[in-house]
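Participant: okay, sequence plus prediction incoming.
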Amino acid sequence: MKMSVKDFAPSWFASVMGTGALALVSKAYSSKLPALGTLSNALAYLNALMFFVLLIPWLLRWIKHPAEAKKDLYHPVTSHFYGTMPIAMTIVGMNLAMLGYRGAGFPLWVLGSILVIFFALLIPYLFFIGEGVDVKTVTPAWFIPPVGLMVIPLTALPFVPSSETWRGVFTALNYFGFGAGFFLYLALFAIVMRRFITHELLPPLMAPSVWINLGPLGAGAVALLNLTKILPVAAEALKAFAFLLWGFGLWWLLMAIAITLHYLRNLHLPYSLAWWAFIFPLGAYVSATHNVGTALGIGAVDSFGFALYWLLLGLWLVTGLKTLLHDFSS
């Protein structure tokens, strides 16, 4: 095994995010293929195990090697991946609720949501008070903090409280998550687009990160649809906005595929942990495609999502196998 506590990368939790997303969309599409329900349950259990196993070196690194952990926190790329741990925590909470363990999932969702907000404030704050960064160091990994904020309402439905008092707090938290996440995403999107247009392509090791933009678009669309169920303010308008986000997501999906093919044909695409950037963003978009299709009664959109599901499953299998061979082989 090549992974050590001292060198443990915060981005490891992207594997939990991706596996959890695959579990959720597998459950969603079990209506079309019942066997996917069994696969979904197996993935949810696996994901909970992965999260708690990875949490050990994540915590130990802060205890035993705080200098290295802090160095990553100030890095213009690595720092954003600290947001993957709390995002993964909220997703595992939803996975457990899906399995029938709402009581175990709820505290994970609450703590994960709090930590999502903490890192979504801390990471930009460190950049605001810093000396600035070279635009060439900007990558779509910068979208992770806003994605985390939008994942709060994405994963919230199993945990709607029955108490009217707590329901108000819950509703405010979820609308805050989408509002803060979406507008932060818009600001960062402009910076990332400038980097793409005015500089050369990302290094091959970071190439999969171009898929990350599907994360806020897919998560945002599902979050909007969930908000209409939590508090139906302007429900039809929010559904239409979700459809618009889905449309931009389709454009970015085609662009991400084209750029990835460019790397494969003209450069190279070596394995790294960045390959997990293929999984959660695409999983979020598949979930958005299913939810938009069903919410608006557009069967063709839902069927398109089912086709994308198989691409997601294939990428998860390939990435998981490469991770096992590369990072866990003796």
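Facilitator: Here it is on my side, so go on.
Participant: would you mind listing the buried residues in the helix or strand harbouring Phe170?
Facilitator: For Phe170, the host element (DSSP states H and E) is helix 164-198. Using 16 or more other CB atoms under 10 Å as the test for burial, helix 164-198 gives 170-171, 173-175, 177-178, 180-182, 184-185, 188-189, 192, 195-196. In short, each C-beta sits where N, CA and C put it, glycine included.
Participant: quick check: Ile48 touching Gly93?
Facilitator: Just to correct that, residue 48 is Ala rather than Ile. No - using CB atoms under 8 Å, Ala48 is not in contact with Gly93; the gap is 9.4 Å.
Participant: do you know the pLDDT at Leu267?
Facilitator: Note for Leu267: predicted pLDDT of 87.
Participant: how many other residues sit next to it?
Facilitator: 12 (other CB atoms under 10 Å).
Participant: for it, give me its contacts.
Facilitator: Listed by CB atoms under 8 Å, 6 or more residues apart in numbering, the contact partners of Leu267 are Leu201, Pro204, Ala207.
Participant: that older thread, Ala48 and Gly93: which is more packed in?
Facilitator: Higher neighbour count among Ala48 and Gly93: Gly93, with 29 against 23, using other CB under 10 Å.
Participant: test my guess that the more buried one contacts Arg102.
Facilitator: No - between Gly93 and Arg102 there is no contact under CB under 8 Å: 9.1 Å.
Participant: before we move on, the earlier item: give me the distance from the helix holding Phe170 to the chain's centre.
Facilitator: Remark: helix 164-198 is offset 13 Å from the chain centroid, using CA atoms, centre = their mean, to the nearest Å.
Participant: measure Met94 to Leu154 for me?
Facilitator: 8 Å (CB to CB, to the nearest Å).
Participant: do Ile117 as well
Facilitator: 15 Å.
Participant: with Ala180 instead?
Facilitator: Distance from Ala180 to Leu154, counting by CB to CB: 14 Å.
Participant: and if you look at Ala42?
Facilitator: Ala42 sits 22 Å away from Leu154 when distances are taken as CB to CB.
Participant: of the two, give the one with the bigger neighbour count.
Facilitator: Regarding Ala42 and Leu154, a neighbour count based on other CB under 10 Å identifies Leu154 as having more, with 34 against 12.
Participant: touching, that one and Pro216? I think so.
Facilitator: No - with contact defined as CB under 8 Å, Leu154 does not count as touching Pro216 (10.6 Å).
Participant: roughly how far out does stretch 263-279 sit from the chain middle?
Facilitator: On CA atoms, centre = their mean, the centre of stretch 263-279 falls 18 Å from that of its chain.
Participant: again with stretch 128-137
Facilitator: Taking the mean of its C-alpha atoms, stretch 128-137 sits 24 Å from the chain's own mean (CA atoms, centre = their mean).
Participant: first-to-last residue distance for it?
Facilitator: 16 Å (CA to CA, to the nearest Å).
Participant: how about residues contacting that stretch?
Facilitator: Taking CB under 8 Å, 6+ apart as the rule, stretch 128-137 contacts Tyr74, Pro76, Val77, Phe127, Ile191, Arg194, Arg195, Thr198, His199.
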